[in-house]
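J.: Need coordinates for the following:
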Amino acid sequence: MLLTPNEIKQQTRDLWRTCFHDSEEFMDIYFEDKYTDDNNLTIRHDGQVVAATQLLPYRFTFYGSVLRAGYISGLATLPQFRNKGYASNLIHEAHRRLFNQGATLSFLIPGSDE
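T.: Residues are numbered from 1 along each chain as shown. Presented below is the predicted three-dimensional model:
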């Protein structure tokens, strides 16, 4: 099943709502200001986004040098699809893209301690 970019965005937002406890106001800001189709990585099962992350470009200053980096944001998997390696696959793809973009660092800030 082929999904439109808007359907992917909405399903990614629904995934975020399921996995995180952010307010609708925060999600409105995030999905309007930070989210882009190109930066959203997904894994789909039967036409449904079951895991996703967004790869946000970031410039990091370290001892006066500006380094290209990426922020791995919103890494999430639906509960019934966990423990299948989907999050690991998304992180590997994010790192591959960062490497190809010339980034030297990546950051992942977890949404919880779990």
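J.: Show me what the lengthiest strand in the chain is packed up against.
T.: Looking across the chain with DSSP state E, the single longest strand is strand 48-62. In terms of contacts (3 or more C-beta pairs under 8 Å, 6 or more residues apart in numbering; DSSP states H and E), strand 48-62 is packed against helix 5-19, strand 40-45, strand 65-77, helix 86-100. Just so you know, the C-beta spots here come from the backbone N, C-alpha and C atoms, and that holds for glycine as well.
J.: could I have the first one exported to CSV, CA atoms only?
T.: Taking only C-alpha atoms (Å, rounded to 0.1, in the frame of the first residue of the first chain), the coordinates of helix 5-19 have been written out as CSV:
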residue,chain,number,x,y,z
PRO,A,5,3.5,12.2,2.5
ASN,A,6,0.6,13.6,4.5
GLU,A,7,-0.5,10.1,5.5
ILE,A,8,3.0,9.2,6.6
LYS,A,9,3.3,12.4,8.6
GLN,A,10,-0.1,11.8,10.3
GLN,A,11,0.8,8.2,11.1
THR,A,12,4.2,9.3,12.4
ARG,A,13,2.4,11.8,14.6
ASP,A,14,0.0,9.1,15.8
LEU,A,15,3.0,6.9,16.6
TRP,A,16,4.5,9.8,18.6
ARG,A,17,1.3,10.2,20.5
THR,A,18,1.2,6.5,21.4
CYS,A,19,4.9,6.3,22.5
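J.: packing partners for the very next helix or strand once past that helix?
T.: Next along the chain after helix 5-19, taking DSSP states H and E as the criterion, comes helix 24-29. Using 3+ C-beta pairs under 8 Å, 6+ apart, the elements in contact with helix 24-29 are helix 5-19.
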